[in-house]
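Participant: What follows is a predicted protein model with its sequence.
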Amino acid sequence: NCFLDNNRRNGISIISGNTITISNTLISNTNGTAPMSGIDLEPNSNNEYLENINLKNIVTFNNRNEGILIALRALYGKNDKNVSIAIENHLDDKSGFAMGFAFPKANADFKKIEGNVTITNSIWKAHSSDLVKFHDHNENYVNFKFVRPKIINMDGNFSQKKMDALKSKSRKGGKFSFIE
């Protein structure tokens, strides 16, 4: 339970970990130097891991870039990896993007990386045309499942148009599924 405001780089950075839970946290107004995300899940090397990471009841507000960024580029390498991240009840309001994803370029030396990222009951308040940023168009090998996501227009109504745009855009990035 915490409130993190006016953070310079990220509100919270998770570089490597197993069995980490962050809950009931408000992260706002992150700015200053990239990546400027509320929460940044971003290993620095293939020797690190993201296993059993649980984010529950997170509110991200007015962060310069993403509310939550999942950047797996550096995780690929000589060692097989299994990613497991669960995000439940994430509310983003007025961040540059509600979420962001970054995947590595294909490389014959990469070992297998697999796993699951499940994003359940998210509510993203739309103030721009893109709520999710794909930092590149590289192949993704981790399964991303969006369960009952909601995109709300600035007038407070559900936006089917923006939901359809997200589904269309995410198909280009790899293994994404939606359960409504």
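Facilitator: Happy to help now that I have it. Numbers count the residues shown, from 1 in each chain.
Participant: Secondary structure element holding Ile85?
Facilitator: strand 81-88 (DSSP states H and E).
Participant: Starting from that strand, tell me which strands it pairs with and how they run.
Facilitator: Note on strand 81-88: by DSSP bridges, its sheet partners are strand 50-61 (parallel), strand 113-120 (parallel).
Participant: Mind listing residues that contact it?
Facilitator: For strand 81-88, the external contacting residues (CB atoms under 8 Å, 6 or more residues apart in numbering) are 41, 46, 49-58, 68, 70, 72, 75, 111-122, 142. Quick note: C-beta positions are derived from backbone N, CA and C, even for glycine.
Participant: got the buried residues for that strand?
Facilitator: Neighbour counts over strand 81-88 (16 or more other CB atoms under 10 Å) mark Lys81, Val83, Ser84, Ile85, Ala86, Ile87, Glu88 as buried.
Participant: Let me have the residues you listed in a markdown table, extended by distance to Ser37 and pLDDT.
Facilitator: What follows is the buried residues of strand 81-88, written out as a markdown table (distance: CB to CB, whole Å; pLDDT from 0 to 100):
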| residue | distance to Ser37 | pLDDT |
| --- | --- | --- |
| Lys81 | 21 | 90 |
| Val83 | 18 | 95 |
| Ser84 | 20 | 97 |
| Ile85 | 14 | 98 |
| Ala86 | 18 | 98 |
| Ile87 | 13 | 98 |
| Glu88 | 18 | 98 |
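Participant: ok, so of the residues you listed, who is nearest Ala102?
Facilitator: Compare each of these with Ala102 using CB to CB and the shortest gap goes to Val83, at 13.1 Å.
Participant: Now that closest one. Nearest residue, chain neighbours left out?
Facilitator: Gly115 (3.5 Å; CB to CB, 6 or more residues apart in numbering).
Participant: Please report the number of neighbouring residues for the one you found.
Facilitator: A count of nearby residues for Gly115, using other CB atoms under 10 Å, gives 18.
Participant: What are the contacting residues of stretch 9-29?
Facilitator: With CB under 8 Å, 6+ apart as the test, stretch 9-29 has contacts from 1-7, 30, 32-44, 48-63, 67.
Participant: which of those residues are buried?
Facilitator: By 16+ other CB under 10 Å, the contacts of stretch 9-29 give 4, 7, 30, 35-43, 48-50, 53, 55, 58-63, 67 as buried.
Participant: now, which of those residues lie within helices?
Facilitator: Using DSSP state H, no member of those falls in helices.
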